[in-house]
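Undergrad: this one's sequence-less:
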């Protein structure tokens, strides 16, 4: 029974009312053990699957419309179908969760490692491959430990490896882990990292992993949460799965809601059925903004997502609707900011993240994000110039040309630009740095202007180029 | 300092064997070196280069890309304070400033006694428990200034037995028993697994 | 659309015009071919595209609306619509350029690249003209040496990945790498592991900014001061195409030319930096005559007169060694002087370290492109190509790594290609002929020459597959008779009648020399001397001459009165030093035609100063029998003359004259006399992209005997392998200031198994006992060496390995033991002479 409260041994998780597909064991203190897993029906899905023909397993997942939970939301069953008939082929599990605001894969790995392993086994079986690499974010020591133990136990029990469950099927799951690089969450960068290289993304095309992935062989890269859904789907069927969530987005997804709400937490929520308003203010969810403050803005899908504002509160958590409204649901990370938030500093902080995490491979991202950060830092330090505001937008347009996705701003008569952005870069990291800039400047330009004007007073300059006494510029 | 010890070379060989190509073991081997010495020494990089058959420059190229690998000695405890957006909103930057004063070092610096290295880091995936930090990649949640001071005292006293010294991540390793393993597929191998072929419906099988 | 386009092309639209691209052609290349230049930094036509710099973004519509795409990564697809001039394209390119300049220092006035810098050029053509970047720029320590030859300025670097890709993809020496991340990314080496690649200079040439500079060229000239001419490198027989650049009549730089047939724009550092020797103060710049125990300078007329007197004797008592330094024209002139005027057949361009002339001239020649075609098989019986023919090595490496070419390697020790080989046969010295014979006769039952049956079988399987087979052969071991190599060639020929061959001789234009008859028994055009009328020649030799070994032996026996050294230094290069020394001591008159005073020319009675590479016009013949131009760029110093002119002067003095007074007349005669040059358009050669292959009109057939038996097993249990390194004590290298210090010290290499077996692990030195002499030498354990083999490169500082060699031995056996005296002065190999 849901306790509708925090779960002490799964810090951050809120066991509220609602169907639980992937977090069903989170409330058990020993949920990560093989004993508990088996006692709650664990590995029955794999046993059943081994009697089926692989194509039927694949069809079930395809019919369930299991959307990828890593951010892009592409249907897993369709992605699986992109592999050419070439062997060997590999499954790589993306557990490199590091999008700001996101954590759900960490909990899935820490709290229910066997569920993930089972998802891997079933996927490998469906696709006829026998080597899976489970790539965990480097900083997640507990997740690595729990998965290592779970794999050792599962191998010992004969559930993984040679002659699984006494059949002729053999599948290996190899645990591997990163070492601190956000960009490795991008699938081609993850593959580079798994090959022992710098985690720099490959260009797509031609390097779509399903065709040319790990060692240039067909490779499926799936997110942890995506695969955690697989055992439930094959055990209960696609139709049962589709009874949850919306028609376009069946099932549930895990959302991490952080920031200025009264009950932040990781919630398993039916897709497409709840609005942001219910989520922020509802009793079953976050129970309102702290101190009764006004909502100023929120990030609906991780640091890479353009910001939303009170006008967007009634949108349902449905990918297509959010996309059309100018942002994305991304990795299920919602960051709520109340009226006390400094929009310039919030913008700087998110931009700084992308500048620090740029891999450096392509010019616009390497140079552009760094430049953006320097300008924003200068403004925040009190050395801003009025022309910096448009310069920031210009730099953004050189990374991401054209109309950058933004929410509508009716007060200014501005319409929404739909997601996704265009890019001059190899991967979406650089363009992501433009999200906070366009979001913040479009909505809160006056805050930038006020900060520049105020600092011009205190620093004795007039906030324009001619009279700028910014020390670095003098030395440059 | 320091090539891999004989015991770690054995472990390294076991790790290398579970990847289709030796270079894929590079990150785990760099972690192994860091676990041995607390940081990744130049000699260790050269040794790893020999073990996986690449140049030392290639090892350095990979090693230097990832933030967790420290190429200079660091403190026994690495304190990583998150200042990314969710933590910033809840006081992460203020916590960092407090930590700087308490420890007397700037981010990236190590205390003179070699106990602590302070870093300000990006999102560590505990956003609802902000502000948060990791000590040697073990979480501390809702850390305010008092809690931070307590934590530093606990660590200095050596009473945090749950936190190993810097370099050790998960304390359980996967062990792939060759008797149990199905056999890692090398990219040069070809053909479907036999079990897959035999399970396909007849009309598809050909 | 031009009507000449192949109808199988891929139709696409470029700025509103319809064109056709080749199948799979990248957009950036297709556009260039149709006259539309798309700016780029990271793209290089000889390396895999990476799409990193983003400068080549253009607007492309493949039916789903226009989008910016990197044209260097995008193969043209049917009906693709491309806009390289649209507003979106311009904005993207301008933006990228502004980003690249943001952190780029404004030190163009003091930058070597200024004036020929792609970043500078593109900044004029694209971009906003002025920077809006007012922040502090990125700082790194200004140029740091990353090797003895290359400096790196990381502030100027735009991280295009060209140098690093070259090092790893092309050279296979990933010693430079991206280090760190994001805006802090830099190119660098591992600490104390310098970028000591033989090919490091290429990174300077392909750097699109002034980040990488060559130590020998730094601050030597400005691009607008340079004069340039295309030529051919003469450092080895690959004949890499180069541009010679001079400033104020001095060679200051050599760049690689993208010859599709040969070097694909790549050069070895020896090709690139050897020009420093031209301006060495040790150049011989005037004729000299030995008198009263010293060389004194004389006028040409006097030198010629004295030399002519020495040449006007019984032709059988005249001999000439060398000629590989010469142009094809000079080689013809000298052959005509020696064989047609003086009448001696004692002429040999090889110094006992090559392959019999008849074998080289007689086998069916392959082209490099033929050998490297996708899917073919290459069998290597010869030297390490990376050490002796480095630009050929790059082609072979590319073929194996990228094009699926299978390599069968049959060598006495590992080479730089071994790790890439499909089959490696480590045949101990003296056994390669029998090893190949075992493959041919399918004798897989027992091991031979240390090679077991399964490997022989694997080699047989590859060599008898449907794939074309090319044999790259040369002297893999100077301590082993060339006879064994000939046997191996014969074996492959028997196995595969359709096999083609690349004779991997090392020395400069030696193929030209052999083709022009500077080898016993032959006349120009690879024809056998039939002792009858030849062209317009007055006569031909009426005896079969001797090779270098024979000449030197005859000299020792007192049968040679006059010896011409045509750029040859037998004291240093002939494998048997003692024989060379005794021979030179016994000859009446030595005439050296040379550029430096070598050990041998120092002993000469007459020294005639020759023009060097870069100082004379001529023609080169490479190992494919491909002709290419050698061009003069600077004036020869002092009284130096082209070699053909020296021959002509001497002939005039010996009488009769050679019949040509200019290069044009000389070439006209060559076309008349030599069948394979009959239709050659000499003038067109200078401007041709890839020179023609000549096909000799031979009047003879190559024959092979039975392979020699295996050499007897000796109680001296180790067989010696002696070969060469790229950097050694060769004269030209030592006269090039930047290269002189690159030669490693000599050390013996032994298999780790032998080191263990002999309990040498605690030793630094080992005693090498050859029977007559023994030396203490430093050694290292090296898995590249087969058991019971001792490997020691020649001409390295510290030890002269030829002290262990003697001409005429089929193999060289040595005994190894722990030194029995203490830690005495080891470094020069202290000698103990027995008995």
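TA: Nice, I can see it. Quick caveat, the model's predicted, so the values are computed rather than measured.
Undergrad: what does chain B put close to chain C?
TA: B:42, B:45-46, B:54-61, B:64-65 (CB under 8 Å from any CB of the partner chain). (Glycine included, C-beta is placed from N, CA and C.)
Undergrad: could you dump these to TSV with pLDDT and neighbour count?
TA: Output for those, formatted as TSV (pLDDT from 0 to 100; neighbours: other CB atoms under 10 Å in any protein chain shown):
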residue	pLDDT	neighbour count
B:42	98	17
B:45	98	27
B:46	98	19
B:54	98	19
B:55	98	21
B:56	98	24
B:57	98	26
B:58	98	24
B:59	98	29
B:60	98	26
B:61	98	26
B:64	98	22
B:65	98	28
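Undergrad: most widely separated two among those residues?
TA: B:46 and B:65 (18.0 Å; CB to CB).
Undergrad: number of nearby residues for residue C:62?
TA: Neighbours of residue C:62 under the rule other CB atoms under 10 Å in any protein chain shown: 16.
Undergrad: quick one: it from chain A, how far?
TA: Computed as CB to the nearest CB, to the nearest Å, the residue C:62 to chain A distance reads 11 Å.
Undergrad: just checking, residue A:334 is part of a strand?
TA: Yes - if the criterion is DSSP: H, G, I helix; E, B strand; the rest coil, then residue A:334 is within a strand.
Undergrad: chain neighbours aside, what residue packs nearest to it?
TA: Nearest residue to residue A:334, sequence neighbours excluded (CB to CB, 6 or more residues apart in numbering or on different chains): residue A:257, at 4.6 Å.
Undergrad: what residues are up against that neighbour?
TA: A:264, A:265, A:266, A:267, A:279, A:280, A:285, A:286, A:334, A:336, B:128 (CB atoms under 8 Å, 6 or more residues apart in numbering or on different chains).
Undergrad: pick the one among those closest to residue C:477.
TA: Nearest to residue C:477 among the contacts of residue A:257, with distances taken as CB to CB, is residue A:266, at 70.3 Å.
Undergrad: so the closest one touches residue A:255, yeah?
TA: Yes - contact criterion CB atoms under 8 Å: residue A:266 and residue A:255 qualify, at 7.0 Å.
Undergrad: name the residues contacting each of the two.
TA: residue A:104.
Undergrad: more neighbours: which of those two?
TA: residue A:266 (30 against 26).
Undergrad: who does the residue nearest to residue A:334 bridge with?
TA: residue A:265, residue A:334 (DSSP bridges).
Undergrad: next: residue C:791.
TA: residue C:721, residue C:749.
Undergrad: and whichever residue of chain B sits closest to chain A, what element?
TA: Closest residue of chain B to chain A, CB to the nearest CB: residue B:182 (3.0 Å). Using DSSP states H and E, residue B:182 falls within no helix or strand.
Undergrad: residue contacts, residue C:591?
TA: C:307, C:310, C:311, C:562, C:563, C:564, C:565, C:604, C:605, C:606, C:608.
Undergrad: using the three-state scheme, assign residue C:571.
TA: helix.
Undergrad: quick check: buried residues in stretch C:403-417?
TA: C:405-417 (16 or more other CB atoms under 10 Å in any protein chain shown).
Undergrad: low-confidence stretches in chain A?
TA: For chain A, applying pLDDT under 70 flags the ranges A:1-3, A:460-476.
Undergrad: how about it: which residue is closest to chain C?
TA: Counting by CB to the nearest CB, chain A gets nearest chain C through residue A:398, at 3.1 Å.
Undergrad: phi, psi of that residue?
TA: phi -80, psi -20 (degrees, to the nearest 10).
Undergrad: quick one on the thing from earlier: ok, the residue of chain B closest to chain A touching residue A:161?
TA: Yes - using CB under 8 Å, residue B:182 is in contact with residue A:161, at 5.3 Å.
Undergrad: which one of the contacts of residue A:257 is nearest to residue C:49?
TA: When the contacts of residue A:257 are compared against residue C:49 (criterion: CB to CB), the nearest one is residue A:334, at 39.7 Å.
Undergrad: for the closest one, give me its contacts.
TA: With CB under 8 Å, 6+ apart, residue A:334 has these contacts: A:101, A:255, A:256, A:257, A:258, A:259, A:276, A:279, A:298, A:299, A:300, A:301.
Undergrad: tell me the spacing between the third one and residue C:718.
TA: Distance, residue A:256 to residue C:718, using CB to CB, to the nearest Å: 70 Å.
Undergrad: over to the fifth one?
TA: For residue A:258, the distance to residue C:718 equals 72 Å [CB to CB].
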